[in-house]
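Visitor: Compute the structure for the input listed below.
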Amino acid sequence: MHKEELITLHQILVEIKDYFETMNTELKFPQYYALKINPSQIHKSKLEHKHAIFVLGQELANAMKDVDFTASSRISARMRELSEKTERELEKNMEQQ
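Guide: Below is the predicted model:
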């Protein structure tokens, strides 16, 4: 995906997160908020947005466990794997700089 497409996907997932937060005020997305990145930060790297997408995807899947536990668990696990992979890539990129 191109960076612009990743930013668009990031924005869509944030809108879904916002919807979940309005529907359930107790719902939190701590891992995503800890990243301190949002779709409007176009200066952030493609890899940073990709990582944010996977982290947010994992937390959204966890939030959906009440709806369909088995499917959301698989989605959550896969998103966790992908976020860990991109986190390693980010660390590697930082070491090379």
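Visitor: could you list every residue that touches the spatially most central residue of the chain?
Guide: In the chain, the C-alpha nearest the mean C-alpha coordinate belongs to Leu56, at 2.4 Å (Cα atoms, centre = their mean). Listed by Cβ atoms under 8 Å, 6 or more residues apart in numbering, the contact partners of Leu56 are 10, 13-14, 17, 29, 32. C-beta: built from backbone N, CA, C; applies to glycine.
Visitor: try Leu82
Guide: Per Cβ under 8 Å, 6+ apart, neighbours of Leu82: 54, 57.
Visitor: change it to 7 Å
Guide: Phe54 (Cβ atoms under 7 Å, 6 or more residues apart in numbering).
Visitor: quick one on the thing from earlier: so the residue nearest to the centre of the chain, which of the three states?
Guide: helix (DSSP: H, G, I helix; E, B strand; the rest coil).
Visitor: Is it correct that Lys44 is in contact with Ile37?
Guide: Yes - between Lys44 and Ile37 a contact is recorded at 5.5 Å, counting by Cβ atoms under 7 Å.
Visitor: related to what we said a few turns ago, Provide a ChimeraX selection command restricted to the buried entries of the contacts of Leu56.
Guide: Per 16 or more other Cβ atoms under 10 Å, the buried members of these correspond to this ChimeraX selection:
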select :10,13,14,17,29,32
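Visitor: Same list, the contacts of Leu56, but as TSV with distance to Met79, secondary structure and pLDDT please.
Guide: Listed next are these as TSV, based on distance: Cβ to Cβ, whole Å; DSSP: H, G, I helix; E, B strand; the rest coil; pLDDT from 0 to 100:
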residue	distance to Met79	secondary structure	pLDDT
His10	13	helix	98
Leu13	11	helix	97
Val14	15	helix	98
Lys17	13	helix	96
Phe29	13	coil	97
Tyr32	11	helix	98
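Visitor: follow-up on the earlier one: from Glu95, how far off is the residue nearest to the centre of the chain?
Guide: 25 Å (Cβ to Cβ, to the nearest Å).
Visitor: what separates the helix or strand harbouring Tyr33 from the chain centre, distance-wise?
Guide: Using DSSP states H and E, Tyr33 sits within helix 30-35. A distance of 9 Å separates the centroid of the chain from that of helix 30-35, by Cα atoms, centre = their mean, to the nearest Å.
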